[in-house]
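**Student:** Need a 3D model of the sequence below.
(chains A, B and C)
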Amino acid sequence: MTIIKKLFIANRAEIALRIVRTARRMGIATVVPMHSQDQFGPALNEADETVEVFGTPAVAAWLDIPGIMRAAIETGCDAIHPGYGFLSENAAFAKAVAEAGLVFVGPPASVIELMGDKITARRFAATQGMPVIPAADEAEDPATFEKRAFAVGFPMLVKGAAGGGGKGMQIARRAEDLANAISAARSESQRYFGDGRLFAERFVEQPRHIEVQVFGDNQGNVIHLGERECSIQRRFQKLIEESPAPTLPVGLRDRICNAAVTLAAAAKYVNAGTVECIVSPDGEFFFLEMNTRLQVEHPVTEMVTGLDLVELQLRVAQGEVLPLRQADVQFSGHAIECRILAEDADAGFVPDIGKVLLLNMPAGPGVRFDCGVTQGAPVTADFDSLLAKLVVHGADRTLAISRMRSALIETAMLGVTINNDFLLRVLKHPAFARGETDTGFLERHKAELAPVALTLAERQILLAVAASAAPDISATRIPEPYASMGAWRN
Amino acid sequence: MAQLNFKMTTLLFPDIPETRHQVQVRTDAVYVDGSSVQVRKTAAGSFIGYLDGRGERLRAVASGDTIYVQLRGRSFAVNRVDPTRAAASSAADVPGATHAPMPGVVISLVAILGQHVKKGDALLVIESMKLQMTISANLDGEVAEMPLAVGQTFQRNDMLVRLQNSGDAA
Amino acid sequence: MSRIVSKIDIASAGYKKNHATMMQKVEALQAKVHKARFERPERDIERLHRQKKLTVRERLDLLLDPGTPFLEIGTLVANKAYGGDVQGAGQVSGIGIIYGREVIIHADDPSIKGGAWYPLSVKKIVRTLDIAIENRLPVIHLCDSAGGFLPLQSDLFPDRHAAGRIFRNQCTLSKMGVPQIAVVLGHCTAGGAYIPALCDYSVIVRGNGGVFLGGPPLVKAATGEIVTAEALGGATMHTTVSGTCDYAADDEPHAMAIARDIFANTSPIAKQVIDRTEAEAPFYDPKELYGLVPTDWKTGFDMREVIARVVDGSYFHEYQPDYGTTMICGYARIWGCKVGILANNGVLFNDSSLKAAHFMRLCDRDRTPLVFLQNITGYMVGREYEERGITKDGAKMIMTQVGCTVPKFTVIVGGSFGAGNYGMCGRAFDGRFLWMWPQSQIAVMGAEQAANTLADVKIRQLERNGHELNPEEIAAIRDPVLVSFEAESDAYYSTSEMWDDGILDPVDTRNALGMAIVASLNAPFGDIGYGVLRL
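**Tutor:** As a prediction, this is how the structure comes out:
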């Protein structure tokens, strides 16, 4: 057992803040990196210390293993939490942390190597009896990749083997599309992950993206904390996640969760992880990949189980045994998360930059707002467009939807375009209320999700408020006697 | 003693830039294009407006000449117009064309015929009276005419370049 | 100062009769004013719409600060001229407020004969600019005129105070440092082109605005050149090529917004300081003015009752209350400004003339603006009074009055006849403003007196030649004189010829004076001169 006294959080924005808060509650000191292009993060105000990191472009600082190590060691930290993204699934990083004698809050490097790579994970899953989708891995034999890809069958998804988060992925619907899909996916993967190797797999139509939160300790105990449905996606990136998955038959849900636990246990998985699957319209499920880290949407699980996953991560990292067994895990109510992104959803989800001139965080019963920006913070193209996570819990899905709708209306980040109004329209759509969620939802209902034109009265109110809020450079005080005479005419 | 303060301002929505709205903020109400609208400030950045008799909360913040306003979760940018700035495009007889302000010579061509450009993109560089000037696109479109070659001289009002909106007939 | 104690009985028959007759006059005035301001032939309004033009009143609504007063000058000018067709002489003039500061407006009204300049239009514009000069008021010209009305050119072109005076006044204002902004909303042709050219700033509306010394027809006739109005003198040419105009506007609301923005960037000047406190409404209801002034000017009334319904709190400090009692002199406040009031309560005698002169001197020395409330038939005549020097005393009053450098304001409340008009600051005596009431009269003498006098002369002439006239013959000589005198003594005749700055509804007297006094503070008062002579 190693008690963590000081934790370095190799991340930024909302997840850094979220980890800082749990660490503080546990009496652990925190250090958060700061960069000249990232000086306004909320975590910087709440962490015990900040340390400057360097890199151009800015994201490079968070991908710079020696730089991160140096920052952690110089500030006297004895553990590093990688958050999500960046180096969180980088086995070399996990190894470097361990070799430096620090605790890595996550699975061991060997497990990351096994399960973090799509191809090896898929192979391993297949050997464990987990259903997998027909696929072709380029690395096996680059020369025959395109031919083997053909054999996978159409429609197919071509994606970067080392990637995730929806980047480096292309759909090829017909044979003619394959060559383009391969070159586009390759260049995108090279750009985002520094690795252009590809993976082709059959694309299941109208699939539901169901994932299972698993947790292991180094005594070999593995439990699951329920499933999450993350089917509302655009450009393969999740927009809305919820737990439990609506309309999923209980039997199927149990089978998926148990299969996930079995897989994780076989991989000797330690700490938090997520097994992602695709469920077809006829109820078949296939292993997609495993994320060997904490996920963006973990709050959804926290709200239905009442658990603090970061706390569990830290305790397992310290060498503790999992404090609960599968039977102890209780599920209550329904939770939904909406990702608040800096983008113009109605203009093709084009990213927007600007400055958060006015921030209003929604609040209320069952409302949780993990915010990655502070008022006055610039929003630039340097970093990811995820500005905040709005997570809502209710006794049932209907109440959760209702609370989420109110909370989205209350959410304000004026000065940069965000997608809260678009999310509101999704939440209001009858198909969403019926739980008809699959990854084609947004495309299928595109026309109905278009914004409604403003009425004249609405325009007038907006103009009236705009004029009232406009700076006072033309404000005039009418002197006497004219003020008292008013609009007198002789 | 009566108090009469007011603010008069011209605003427009970027999605309909041709329509300008005259708004007067007076002590009794706000008048938008002559119609009275009831709004009330409740706190910094927070207002109440009445729609169909119901009070709706709005938030607003200004930055320079842009005011961001949110109503029912939907946010908009409203721009304040300086009335002395030229409204539509100026004296050009030919839409999309840029004419030489004085005699000079073409130093370099940055864009090529047929190229799609965005407003503000550099098109060519000219020199007059020992001063180099970059001629930029004044709209989004396609380079339809680029009549002068590098090293060629021109007189005042000669056309230097003509753009057309993509999709216009030539 | 103490509150005037009113002695009128609003339940009395006399009050009610006055009220009824005055109300008729007031309602008639309001109807005429409404017609002059708003009633236009349908086809003229259609034409404005087709041309994408606003009416003058709509233009002013966009130009002036919302919810602020507008003191219109000469609304009913030309109401008895040109067949009654040229309302307000096709001009709107007045003092308004932009960004809290006073401006004076000269606006052509294109819905009246295309905004053409008749002789009285020119007189009105010149008067507007004279007011601007005397009170240092920034001028906004809303130009939209068809040009001079050629059939009457001899009355509007050549003379000293005809059209040329407009441009001379503009130059004088410029030299004084008073800002002028022109908004060219229609054509400024020939002489009219000089208006924007002589202004500090000019705005011109695309499509409608045009500035040229000769319009397209004249150019074609002169040189054969064929050119459109837009190319010859339109917005684009003048704002990009010739530099004659400064700002091009896409439409009239845009033009008004630009004009406001320009004005906001001119610097306000420090105003003349006078004794000024917070305002207070009169204690007595101003509407009682309707009942206390008889419409027949020959019937007297106590002018203190009028004062009590115009001044703040009805407070009045009367000077020499027991001496020269036909002249009331005293201090009061109007909209917080301390003023010296001179008001007639009968014929002027030696003592009342001297009292007036002394009081005016006190006010002038102490920088107190003067307000004259006229109801005067003249100075007393007769041997006793001539021996006492009534002519000299009247001269002292006139001399003192002209020598004052504080602003003077006159309201003709009843009659204004003969030399009494002069001593009490009539039109010729450089008061800043002069107004009439609806029932007031102005002439060298009363109509009956004039008719009788002229008839007498004629009768004696005929009698010398041996003719004895019967009553009908006498009436035939007398009556036409009476009728024509009555017509020409009428307030509407006076205002038509612009011998005054407008006919006021009596209850508007307070606001008109208040606004005029405060506006006049834009010009510094002159030198004080002599001490106060006890005459």
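**Student:** Helices of the stretch 1-150 of chain A, start to end?
**Tutor:** Using DSSP state H, counting those that start in this stretch, the helices assigned to the stretch 1-150 of chain A run over residues A:13-25, A:42-46, A:59-63, A:65-74, A:91-99, A:109-116, A:118-127, A:145-152.
**Student:** okay if I get these as a markdown table plus mean neighbour count, mean pLDDT and distance to C:G164?
**Tutor:** (Glycine included, C-beta is placed from N, CA and C.) Shown next, in a markdown table, are the helices of the stretch 1-150 of chain A (neighbours: other CB atoms under 10 Å in any protein chain shown; pLDDT from 0 to 100; distance: least, CB to CB, whole Å):
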| stretch | mean neighbour count | mean pLDDT | distance to C:G164 |
| --- | --- | --- | --- |
| helix A:13-25 | 22 | 97 | 75 |
| helix A:42-46 | 19 | 96 | 74 |
| helix A:59-63 | 19 | 94 | 76 |
| helix A:65-74 | 17 | 97 | 83 |
| helix A:91-99 | 18 | 96 | 90 |
| helix A:109-116 | 21 | 93 | 93 |
| helix A:118-127 | 19 | 89 | 92 |
| helix A:145-152 | 16 | 86 | 92 |
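**Student:** right, so of those helices, which gets closest to chain B?
**Tutor:** Taking CB to the nearest CB, helix A:42-46 is the member of the helices of the stretch 1-150 of chain A nearest to chain B, at 18.9 Å.
**Student:** Can you pull the residues of the stretch 51-200 of chain C lying near chain A?
**Tutor:** Proximity of the stretch 51-200 of chain C to chain A (CB under 8 Å from any CB of the partner chain) is limited to residues C:D65, C:P66, C:G67, C:T68, C:P69, C:F70, C:L71, C:E72, C:T75, C:I97, C:Y99, C:G100.
**Student:** Can you add distance to chain C and give the helices of the stretch 1-150 of chain A back as TSV?
**Tutor:** Putting the helices of the stretch 1-150 of chain A into TSV (distance: least, CB to the nearest CB, whole Å) gives the following:
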stretch	distance to chain C
helix A:13-25	43
helix A:42-46	42
helix A:59-63	46
helix A:65-74	54
helix A:91-99	60
helix A:109-116	62
helix A:118-127	60
helix A:145-152	60
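**Student:** before we move on, which element is the spatially most central residue of chain A in?
**Tutor:** Centrality entry for chain A: nearest residue to the mean C-alpha point is A:V296, 3.1 Å, by CA atoms, centre = their mean. For A:V296, there is no host helix or strand (DSSP states H and E).
**Student:** May I have the phi/psi pair for it?
**Tutor:** The phi/psi pair for A:V296 (degrees, to the nearest 10) reads phi -50, psi -50.
**Student:** So the chain: which segments form each domain?
**Tutor:** Chain wasn't specified; assuming chain A. A:6-105, A:134-202, A:208-444 (automatic domain parsing).
**Student:** wait, I meant chain C there
**Tutor:** C:1-33+C:271-438+C:503-535, C:40-264.
**Student:** can you map out the helices along the stretch 201-350 of chain A?
**Tutor:** Counting by DSSP H, counting those that start in this stretch, the helices of the stretch 201-350 of chain A are A:250-266, A:298-305, A:309-317.
**Student:** Of the ones you listed, which stretch is the most buried?
**Tutor:** helix A:298-305 (a mean of 24; mean count of other CB atoms under 10 Å in any protein chain shown).
**Student:** and for it, what are the contacting residues?
**Tutor:** For helix A:298-305, the external contacting residues (CB atoms under 8 Å, 6 or more residues apart in numbering or on different chains) are A:213, A:225-226, A:228, A:241-244, A:272, A:307-309, A:329-337, A:366, A:368, A:370, A:389, A:391, A:393.
**Student:** Spit out the contact partners of whichever residue of the stretch 301-450 of chain A sits closest to chain C.
**Tutor:** Nearest residue of the stretch 301-450 of chain A to chain C: A:L357, at 25.8 Å (CB to the nearest CB). Contact partners of A:L357, counting by CB under 8 Å, 6+ apart, are A:Q375, A:G376, A:L414, A:G415, B:V61, B:S63, B:Y68.
**Student:** how deep is the closest residue to B:N5 other than its chain neighbours tucked in, by neighbour count?
**Tutor:** The shortest distance from B:N5 to any non-neighbouring residue, by CB to CB, 6 or more residues apart in numbering or on different chains, is to A:R477 (5.0 Å). A:R477 has 11 neighbouring residues, counting by other CB atoms under 10 Å in any protein chain shown.
**Student:** Is A:R477 in contact with B:R26, as I believe?
**Tutor:** No: the pair A:R477 / B:R26 is not scored as a contact, 11.9 Å apart, by CB atoms under 8 Å.
**Student:** quick revisit: could you dump the domains of chain A into CSV with distance to B:N165 added?
**Tutor:** Below are these laid out as CSV (distance: least, CB to CB, whole Å):
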stretch, distance to B:N165
domain A:6-105, 35
domain A:134-202, 29
domain A:208-444, 19
